[in-house]
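Student: Quick one, structure for this:
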Amino acid sequence: VFSSSKETCTDWHANLSPPVLEALQILKFSYKQDWLDFTSHLVAEETNYNISEPVSRNAIDELVAAGKLDEFA
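Tutor: From the prediction side, this is the model:
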């Protein structure tokens, strides 16, 4: 299960206590198995981009310049 322990148990990490080393290995294993996800809240959803207030002229110009006319629908 802890095949990557050699990466953690180096001379550089030798001053870590056994309980801390064990916790680190469990965290690494959980992260690699996608049990821990620290970035899910960073994913943008379409609802984040809905405009509910009046659109500025500058925003309209940017959309037209980018060829994103379907955004006006």
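
Student: avg pLDDT for the strand or helix carrying A23?
Tutor: A23 is part of helix 18-32 when elements are defined by DSSP states H and E. Averaging pLDDT along helix 18-32 gives 83.

Student: I'd like the next helix or strand past it.
Tutor: Next along the chain after helix 18-32, taking DSSP H and E as the criterion, comes helix 57-65.

Student: Next, the buried residues of that following helix.
Tutor: Neighbour counts over helix 57-65 (16 or more other C-beta atoms under 10 Å) mark no residue as buried. Where you see a C-beta, it was placed from the backbone N, CA and C, and this is true even at glycine.

Student: List the contacts of it.
Tutor: I51, L69, E71, F72 (C-beta atoms under 8 Å, 6 or more residues apart in numbering).

Student: Can you list phi and psi of the third one for me?
Tutor: Torsion angles at E71 (phi, psi; degrees, to the nearest 10) stand at phi -70, psi -20.

Student: tally of neighbours for E71?
Tutor: Using other C-beta atoms under 10 Å, E71 is surrounded by 15 other residues.

Student: and it, what does it touch?
Tutor: E71 neighbours (C-beta under 8 Å, 6+ apart): L63.

Student: if I look at it, how far off is P54?
Tutor: Noted for E71: a distance of 15 Å to P54, by C-beta to C-beta, to the nearest Å.

Student: Now render the contacts of helix 57-65 as JSON lines, adding distance to V43 and pLDDT.
Tutor: Shown next, in JSON lines, are those (distance: C-beta to C-beta, whole Å; pLDDT from 0 to 100):
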{"residue": "I51", "distance to V43": "20", "pLDDT": "70"}
{"residue": "L69", "distance to V43": "26", "pLDDT": "83"}
{"residue": "E71", "distance to V43": "20", "pLDDT": "78"}
{"residue": "F72", "distance to V43": "25", "pLDDT": "74"}
